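*Asks:* turn this into a structure:
(one chain, ligands or ions: 1)
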Amino acid sequence: MTRSEAIFEMAREVIPGGVNSPVRAFGSIGTNPPFIRKADKSRMWDEDGKEYIDFIGSWGPMILGHNNDIVREAVIKACADGLSFGAATALEVEMASLITAIVPSVEMVRMVNSGTEAVMSAIRVARGFTRRDKIIKFVGCYHGHADYLLVKAGSGALTQGQPDSLGVPQGCTKDVLTATYNDLNSVEDHFKAFPDDIAAIIVEPVAANMGVVLPEKGFLEGLRELCDKYGALLIFDEVITGFRLGIDGAQGYYGVRPDLTTYGKIIGAGMPVGAYGGRKDVMSVVSPLGGVYQAGTLSGNPVAMTAGITQLSILRDHPSYYEKLNQKSDIFFTSLKEVIKESGLNLTLNHVGSIGSIFFTDQPVVDYDSAKTSDTAAFARYARYMLGNGIYLAPAQFEAMFISMVHTDDELAYTLAMAKNALASLK
Ligand code: KE4
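*Replies:* A predicted model of the protein is given here:
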């Protein structure tokens, strides 16, 4: 028995499923999870000393690679000044000023501790500002685990086969309308049925929780137009795409301006940080300024703020990092497409910037239904092969692969070679 297996056995005694987040259990690829002991740059090591090239990067935050020297030193220094005060600090103002200076649509921002909290809060603000109750979300999109958002959700909810979770009373979800990603008619139908009742549309501007699914031309623009036509707010959930596709995320990449944006992941550099922000008039409804209550003991925590400020400052001050990352990633994914073609397997690869997903289906993947045509057993075999050869991929078909700024050309070349062998082993 390996150390990871022994620890997993103990873990299952004291933690549900042995993990603190379902996808980490590796259940959907039919193997036990390596228990990770340390990470550095693009590598991770498990409890048995096995080394991996990491393409999860903590599900997005590690765009600069693990253990970035500047971020680490700043965090260590910040710890010496105290871990938490539960009081206002200048660091929070610096973080808010940084985000509002970088993202034009974010005129005011509130820090929270996770992407889930950011989305929960943004939706409450949208409902409070518009005095409307209904929201539109897209089937297969994942926005965290707030009760009313676990409706045909993506990511782990989809992987675990629970697009709707137990424990969520019908009353919680009666105001949640679901639409089909990339299908504007399915959105307009809801507005026609409830012209004055819809507070907001919430969308992943690039869906990354049914695997990576790109917005088709005109889709995001169409959502903007529908919100303007019916007086609803457009919320971009940029927990994954924010500061990933470019310094101004998907809204900068696609040129569509939301009313509210939610963040997580990269803005914390691996520390528990989330944020929501947008139009000043909309954010002015947030307590203590307005009547929408939202609070959090560790919101704006000084150590977490230091991590986020340091990482975001590096990204802001080095625009060439994104050019290199997106160019390197484009070359990688284009080469991976070639590897797939040469394998003779008819698979679909979606990618944008430094995120992408291979779908084990011969259909184009443009929404939840087409993503679900994927052969998840074949994906599992592929992922297990890669893991066995030191490539640490998301252990689920409906997740993304994340390339960081420190993955080397040699590592990417090795990954392509292993992908070629993995696909050959499936035939
Ligand atoms: P957190 O509460 O996990 O910080 O963020 C929730 C969330 C919100 N919005 C989007 C677009 C997200 O992708 C997420 C979380 N992403 C998943 C990965 N697919 C987190 C991994 C996990 O659940 O363990």
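*Asks:* I'd assumed T261 was in a strand, is it?
*Replies:* Yes. Counting by DSSP: H, G, I helix; E, B strand; the rest coil, T261 falls inside a strand.
*Asks:* who's in contact with the one residue in the stretch 201-350 of the chain that gets nearest to the ligand?
*Replies:* Here the stretch 201-350 of the chain gets closest to the ligand at one residue, V239, 3.5 Å apart by Cβ to the nearest ligand atom. For the C-beta atoms, the positions are set from N, CA and C on the backbone; glycine is no exception. By Cβ atoms under 8 Å, 6 or more residues apart in numbering, V239 lies in contact with 60, 115, 118-119, 143-144, 262-265, 274.
*Asks:* filter the residues you listed down to the ones near the ligand?
*Replies:* Counting by Cβ under 6 Å from any ligand atom, 115, 119, 143-144, 264, 274 from those sit close to the ligand.
*Asks:* farthest-apart pair in these, please.
*Replies:* Comparing every pair within the ones next to the ligand among the contacts of V239 by Cβ to Cβ identifies H143 and G274 as the most remote, at 11.4 Å.
*Asks:* identify the contacts common to these two.
*Replies:* Common neighbours of H143 and G274 (Cβ under 8 Å, 6+ apart) are 115-116, 239, 262.
*Asks:* tell me which helix or strand the residue of the stretch 201-350 of the chain closest to the ligand sits in.
*Replies:* For V239, there is no enclosing helix or strand under DSSP states H and E.
*Asks:* and Y142, that's in a helix?
*Replies:* No. Under three-state DSSP, Y142 sits outside any helix and is assigned coil.
*Asks:* re earlier: redo the shared contacts of H143 and G274 as CSV? Include pLDDT.
*Replies:* Converted to CSV, those look like this (pLDDT from 0 to 100):
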residue, pLDDT
G115, 98
T116, 98
V239, 98
T262, 98
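*Asks:* check contacts around R132.
*Replies:* Listed by Cβ under 8 Å, 6+ apart, the contact partners of R132 are 196-199, 232.
*Asks:* try 10 Å
*Replies:* When contacts are counted by Cβ atoms under 10 Å, 6 or more residues apart in numbering, R132 touches 126, 175, 194, 196-200, 230-233.
*Asks:* and if you look at R224?
*Replies:* 201, 234, 256-259.
*Asks:* quick one: which of these is most hemmed in?
*Replies:* Neighbour counts for these (other Cβ atoms under 10 Å) peak at P258, which has 29 neighbours.
*Asks:* contacts for stretch 14-21 next, please.
*Replies:* 7-12, 22, 24-27, 32-33, 35, 59, 145, 155-156, 160.
*Asks:* out of those residues, which sit inside helices?
*Replies:* Judged by DSSP state H, the contacts of stretch 14-21 include 7-12, 155-156 as members of helices.
*Asks:* which of these count as buried?
*Replies:* Burial by neighbour count, 16 or more other Cβ atoms under 10 Å: within the ones in helices among the contacts of stretch 14-21 this picks out 7-8, 11, 155-156.
*Asks:* rebuild these as CSV, extending it with pLDDT.
*Replies:* Formatted as CSV, these follow (pLDDT from 0 to 100):
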residue, pLDDT
I7, 98
F8, 98
A11, 98
S155, 85
G156, 80
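*Asks:* now, which of those sits nearest the ligand?
*Replies:* Nearest to the ligand out of these is S155 (Cβ to the nearest ligand atom; 3.8 Å).
*Asks:* residues in contact with that closest one?
*Replies:* S155 neighbours (Cβ under 10 Å, 6+ apart): 21-23, 59, 140-145, 208-210, 240, 394, 396, 398-400.
*Asks:* just A396 next, same as before
*Replies:* 22-23, 26-29, 155-156, 158-160, 209, 211, 357, 376, 379-380, 383.
*Asks:* the residue in the chain that the ligand sits nearest to: neighbouring residues, count only.
*Replies:* Residue of the chain nearest the ligand, by Cβ to the nearest ligand atom: G115 (2.3 Å). Neighbour count of G115, defined by other Cβ under 10 Å: 29.
*Asks:* how about the residues of the stretch 251-400 of the chain that lie near the ligand?
*Replies:* 264, 274, 399.
*Asks:* skip the chain neighbours and tell me the closest residue to L312.
*Replies:* L98 (5.3 Å; Cβ to Cβ, 6 or more residues apart in numbering).
*Asks:* mean confidence score for the host helix or strand of the one you found?
*Replies:* Using DSSP H and E, L98 sits in helix 90-102. Taken as a whole, helix 90-102 has a mean pLDDT of 98.
*Asks:* hmm, who's touching that helix?
*Replies:* 78, 81, 89, 106-111, 242-243, 247-249, 252, 261, 263, 267-268, 273, 275, 277, 280, 299-306, 308-309, 312-313, 315-316.
*Asks:* output the below-cut-off pLDDT ranges for the protein.
*Replies:* 159-163 (pLDDT under 70).
*Asks:* which helix of it spans the most residues?
*Replies:* The chain, longest helix under DSSP H: helix 319-343.
*Asks:* which strands and helices sit next to it?
*Replies:* Under the contact criterion of 3 or more Cβ pairs under 10 Å, 6 or more residues apart in numbering; DSSP states H and E, helix 319-343 touches helix 302-317, strand 348-352, strand 355-359, strand 401-402, helix 409-426.
*Asks:* and the contacts of whichever helix or strand comes after the third one?
*Replies:* So the one you mean is strand 355-359. Tracing the chain past strand 355-359, the next element assigned as helix or strand by DSSP H and E is helix 368-371. Among residues not part of helix 368-371, those counted as contacts by Cβ under 10 Å, 6+ apart are 138-141, 152, 154, 158, 163, 178, 180-182, 207, 209-213, 348, 350, 357, 359, 361, 363-365, 397-398.
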